[in-house]
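Q: predicted model, plus sequence, below.
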Amino acid sequence: MFRFFNRVRTIISSELNSLLNKAEDPGKMLNQFIKDMEQDIFEVETAIAKQLSNKKLVEKQYENVAALVIKREQQAMKALKSGDEGLARRVLEDKQKQQDQADSLRLTVEEAERLSEELKEKLREMKDEYQEMKMKRRSLTTRSESAKARMKVNQSLSSVGDGAKNGFERMEEKVLQHEAEAESSDELRNANKSLDVELSTLESASGVDKELAAMKAKLQNKEEE
């Protein structure tokens, strides 16, 4: 029967930490411990109920035998008063047998009472430890979930941070490349524009010279006339 209590002592000992360290999910492990304790408490309560029932049965037997002892003493006295000493002797002999049985039953009742009280005390201890384990479970579960959340956030931030950094670096390279291409395009455009201006100026100058030469030729022709 006391195997019920060994499991509780194991739970509140240092072995709990070892078990939790090996567990993939501490929350599930703690829930299983609580279920085991609930089952143990139920079994102890059942044992106590059975023990109390047996105790009441023995107490009833003791009461009946003790009453018979008193009755036999009264009967022996009545037989003696009537002058039947032989009958009185036989009644007293039976009274002694009943007394021996009553003494044995009384010891059984006392032992049953002692065991019942011991079981009740153990049950109270188990229930106290059960409540303590429930509070510890809430605390440990909360801490476990918080640790998981922190790890997930840190992993996410680390992943996002590296990805964002690499992304920004790639975008910066692309921007620098586009700026370089735009600058080269501007230089090429400006070079082409300068060449076009020079050619246009040259063409304009050639037209004026031709017109000026034509006018000179016209004046010369008039003078010769």
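A: Received the coordinates, thanks.

Q: show me where the chain has its helices.
A: Taking DSSP state H to define them, one finds helices in the chain at 3-11, 15-22, 26-81, 85-224.

Q: need those helices in JSON lines (columns: mean neighbour count and mean pLDDT).
A: Using the backbone N, CA and C atoms, a C-beta is placed for each residue, glycine as well. Shown next, in JSON lines, are these (neighbours: other Cβ atoms under 10 Å; pLDDT from 0 to 100):
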{"stretch": "helix 3-11", "mean neighbour count": "15", "mean pLDDT": "50"}
{"stretch": "helix 15-22", "mean neighbour count": "12", "mean pLDDT": "55"}
{"stretch": "helix 26-81", "mean neighbour count": "15", "mean pLDDT": "90"}
{"stretch": "helix 85-224", "mean neighbour count": "12", "mean pLDDT": "78"}
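
Q: send me stretch 176-186 as PDB with only the CA atoms.
A: Output of stretch 176-186 as PDB, limited to C-alpha atoms (Å, rounded to 0.1, in the frame of the first residue of the first chain):
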ATOM      1  CA  LEU A 176      25.100  51.900 -56.800                       C
ATOM      2  CA  GLN A 177      25.100  50.000 -60.100                       C
ATOM      3  CA  HIS A 178      22.100  51.900 -61.400                       C
ATOM      4  CA  GLU A 179      23.700  55.200 -60.300                       C
ATOM      5  CA  ALA A 180      26.900  54.200 -62.100                       C
ATOM      6  CA  GLU A 181      25.000  53.300 -65.200                       C
ATOM      7  CA  ALA A 182      23.000  56.600 -65.100                       C
ATOM      8  CA  GLU A 183      26.300  58.600 -64.700                       C
ATOM      9  CA  SER A 184      27.800  56.800 -67.600                       C
ATOM     10  CA  SER A 185      24.700  57.500 -69.700                       C
ATOM     11  CA  ASP A 186      24.900  61.200 -68.800                       C
END
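
Q: now it, how far from the centre of its chain.
A: In this view, stretch 176-186 has its centroid 58 Å away from the chain centroid, taken as Cα atoms, centre = their mean, to the nearest Å.

Q: can you list contacts of that stretch?
A: The contact list for stretch 176-186 (Cβ atoms under 8 Å, 6 or more residues apart in numbering) is empty.

Q: next, Asp84: phi, psi?
A: phi -100, psi 80 (degrees, to the nearest 10).

Q: typo on my end, Ser82
A: phi -80, psi 0.

Q: I'd guessed Gln75 sits against Glu93; true?
A: No - taking contacts as Cβ atoms under 8 Å, Gln75 lies outside contact range of Glu93: 11.8 Å.

Q: how close does Arg150 sit to Thr141?
A: 15 Å (Cβ to Cβ, to the nearest Å).

Q: oh, I was asking about Gln99
A: Per Cβ to Cβ, Gln99 is found 62 Å from Thr141.

Q: kindly report the same for Lys148.
A: 11 Å.

Q: what of Asp84?
A: Distance of Asp84 to Thr141, given as Cβ to Cβ: 81 Å.

Q: likewise Ala47?
A: 31 Å.
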